[in-house]
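Q: below are the sequence and a predicted model; questions follow.
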Amino acid sequence: MRIVFFLIQKEFLQIFRNKTMLPLLLVMPVFQTLLLSFAANYEIKNLNLAVVDADLSTSSRQLAARFNASGYFKTRQVAATSEADALMSNDETDLILEIPPHFERTLVREGNAGVSLTANAINATKAGLGMGYAQNIIRNFNREFAETWAPRLASTEAGAAPPAAPRTVQIEYSNWYNPRLDYKTFMVPGILGEIVALIICFLTALNIVRERELGTIEQLNVTPVQKWQFILGKLLPFWLLSLVMMTVGLTVGKLVFDIPMLGSLWLVFGYTAVFTPCMLGLGFLISNFADSQQQAMFTAWFFILIFLLMCGLFTPVESMPQWAQKVNVINPIAYFVSFMRLVLLKGAGFQDIQQNFFTVLAYAVGVNGLAVWTYRKRV
């Protein structure tokens with residue numbers, strides 16, 4: 001172990017002398033956590049809504065005002081449907097709400113009245129969420145109208161006493177683990193796992209290939225240093241730095257975003273210590289077959305991009321096709337993202353994540369074993 005200690009000391013000296021590596025390890029996690037947590041948000045707001053009100057009644061104006069007051073829409077009154085269609089053709093509006101003539105009268109007399117919603121579905125996610133927001137606003141307006149305004153308007157027309165308000169089912173709801181439905185609370189834990197995996201894998205692959213390009217690795221290869229000592233001395237510094245990165249990320253998450261930390265932080269760091277060798281081994285495996293830093297970077301990016309898109313950070317894994325879910329079994333980042341959300345947001349204990357833990361442990365053993373097996377001391 002004395003030889004390993006000297007190799008670790010050499011690696012830390014190289015890291016601290018490198019003017020770009022240290023900022024990557026310390027500044028980038030903070031920057032990416034702040035940037036992605038604020039920018040990567042599926043809670044779409046400020047949707048442009050064109051309102052074509054052919055009724056111009058009290059009820060139709062109240063319905064249009066509900067959209068503007070929701071905080072999700074910026075409403076714009078237009079005179080005709082053709083004008084609204086032209087706005088959508090020019091990408092100046094996202095949705096069109098058409099309120100037909102005699103909307104209020106039909107609503108009072110028949111108990112229901114139709115309105116038309118048209119969405120610009122070039123961006124399917126934006127259109128789907130916008131339609132969902134709009135339908136919820138219309139549903140709430142319809143319920144309140146039936147309970148409050150419809151009886152009064154009906155009695156005014158008939159000249160009789162207002163009838164009793166219809167009985168409705170009252171729903172009481174609560175949101176567990178994220179009571180305010182804050183998207184940052186959902187995103188930050190996953191982003192922390194993604195950042196640690198991304199940086200560690202890249203730096204490991206590039207660091208080893210860089211030594212090969214400079215010729216220093218050949219100097220080590222002709223020494224009596226054994227293969228396992230060399231690999232351990234190369235990987236342990238980045239393993240320790242990954243724990244530092246996780247500490248920095250959790251600190252930023254708590255101080256800036258106030259994310260809940262219901263679970264054990266010891267469990268978080270213990271899992272990180274097991275997960276990081278997965279990415280270290282993957283980076284080392286890539287470096288075994290790469291002849292240049294550029295080649296290593298593109299190869300690492302190929303795998304990392306697939307892992308990121310399929311890890312459940314942005315799209316739920318359960319919503320993916322069955323074949324994609326099966327492929328995702330070999331995605332280490334998916335396990336880390338799931339773990340971070342379970343422990344930090346739900347307060348899960350080891351019993352709840354032990355299958356995840358041992359899967360990642362087996363993954364780490366397998367990928368590092370493959371990396372050691374494919375490494376050759378070449379002079």
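A: Right, received. Where do you want to start?
Q: so Leu305 is in which element?
A: Using DSSP states H and E, Leu305 sits within helix 293-310.
Q: which strands or helices does that helix pack on?
A: Packed against helix 293-310 by the contact rule (3 or more Cβ pairs under 8 Å, 6 or more residues apart in numbering; DSSP states H and E) you find helix 183-214, helix 265-289, helix 332-346. In this view, the C-beta of every residue, glycine as well, is placed from N, C-alpha and C.
Q: just the helices in the stretch 1-150 of the chain please.
A: Counting by DSSP state H, counting those that start in this stretch, the segments of the stretch 1-150 of the chain that form helices are 2-17, 21-39, 58-69, 81-89, 103-110, 124-144, 150-158.
Q: which one of the ones you listed lies nearest to Phe284?
A: Phe284 lies closest, by Cβ to Cβ, to one member of the helices of the stretch 1-150 of the chain: helix 2-17, at 13.1 Å.
Q: what does the closest one contact?
A: Outside of helix 2-17, the residues that reach it under the criterion Cβ atoms under 8 Å, 6 or more residues apart in numbering are 21-22, 25, 207, 225, 229-230, 232-234, 236-237, 241.
Q: now do that helix: distance to the chain's middle.
A: Using Cα atoms, centre = their mean, to the nearest Å, we find the averaged C-alpha position of helix 2-17 to lie 36 Å away from the chain's own average C-alpha position.
Q: returning to that earlier point: out of the helices of the stretch 1-150 of the chain, which gets nearest to Thr185?
A: Closest approach to Thr185 among those (Cβ to Cβ): helix 21-39, 9.6 Å.
Q: quick check: angle from that closest one to helix 183-214?
A: Taking axes from the mean of the first three to the mean of the last three Cα atoms, to 10 degrees, one finds helix 21-39 and helix 183-214 inclined to each other by 150 degrees.
Q: now for helix 21-39, which elements pack on it?
A: When contacts are defined as 3+ Cβ pairs under 8 Å, 6+ apart, helix 21-39 packs onto helix 2-17, helix 183-214, helix 227-257.
Q: buried residues, the shortest one. List them.
A: Of the residues in helix 2-17, Val4, Leu7, Ile8, Glu11, Ile15 count as buried by neighbour count, 16 or more other Cβ atoms under 10 Å.
Q: for the stretch 51-200 of the chain, which spans come out with low pLDDT?
A: 111, 148-175, 181 (pLDDT under 70).
Q: roughly how far does Phe238 sit from Asp94?
A: Shown here: Phe238 relative to Asp94, a distance of 46 Å by Cβ to Cβ, to the nearest Å.
Q: give me the pLDDT value at Phe303.
A: For Phe303, the model assigns a pLDDT of 87.
Q: my read: it touches Leu285, true?
A: No - using Cβ atoms under 8 Å, Phe303 makes no contact with Leu285, being 9.8 Å away.
Q: now, of the contacts of helix 2-17, which are buried?
A: Members of the contacts of helix 2-17 that pass the buried threshold by neighbour count (16+ other Cβ under 10 Å) are listed as Met21, Leu25, Asn207, Val225, Gln229, Phe230, Leu232, Gly233, Lys234, Leu236, Pro237, Leu241.
Q: who's in contact with the closest residue to Gln32 other than its chain neighbours?
A: The shortest distance from Gln32 to any residue that is not its chain neighbour, by Cβ to Cβ, 6 or more residues apart in numbering, is 5.2 Å, and that residue is Ile195. Contacts were defined as Cβ under 8 Å, 6+ apart; by that measure Ile195 touches Met28, Pro29, Gln32, Thr33, Met245, Gly249.
Q: about what we covered before: out of the helices of the stretch 1-150 of the chain, nearest to Cys278?
A: Comparison of these against Cys278 by Cβ to Cβ identifies helix 21-39 as nearest, at 18.0 Å.
Q: return the closest one as PDB; C-alpha atoms alone will do.
A: The C-alpha atoms that make up helix 21-39 are tabulated as PDB, following Å, rounded to 0.1, in the frame of the first residue of the first chain:
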ATOM      1  CA  MET A  21      -9.100  20.400 -13.700                       C
ATOM      2  CA  LEU A  22      -9.600  21.900 -10.200                       C
ATOM      3  CA  PRO A  23     -12.300  24.400 -11.400                       C
ATOM      4  CA  LEU A  24     -14.000  21.600 -13.200                       C
ATOM      5  CA  LEU A  25     -14.200  19.600  -9.900                       C
ATOM      6  CA  LEU A  26     -15.300  22.500  -7.600                       C
ATOM      7  CA  VAL A  27     -16.800  25.300  -9.700                       C
ATOM      8  CA  MET A  28     -18.700  23.300 -12.300                       C
ATOM      9  CA  PRO A  29     -20.900  21.300  -9.800                       C
ATOM     10  CA  VAL A  30     -22.000  24.600  -8.300                       C
ATOM     11  CA  PHE A  31     -22.600  26.300 -11.700                       C
ATOM     12  CA  GLN A  32     -24.400  23.300 -13.200                       C
ATOM     13  CA  THR A  33     -26.600  22.800 -10.200                       C
ATOM     14  CA  LEU A  34     -27.700  26.500 -10.200                       C
ATOM     15  CA  LEU A  35     -28.100  26.700 -14.000                       C
ATOM     16  CA  LEU A  36     -29.900  23.400 -14.600                       C
ATOM     17  CA  SER A  37     -32.200  23.700 -11.500                       C
ATOM     18  CA  PHE A  38     -33.500  27.100 -12.600                       C
ATOM     19  CA  ALA A  39     -33.500  26.400 -16.300                       C
END
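Q: that's all I had, so thanks and see you.
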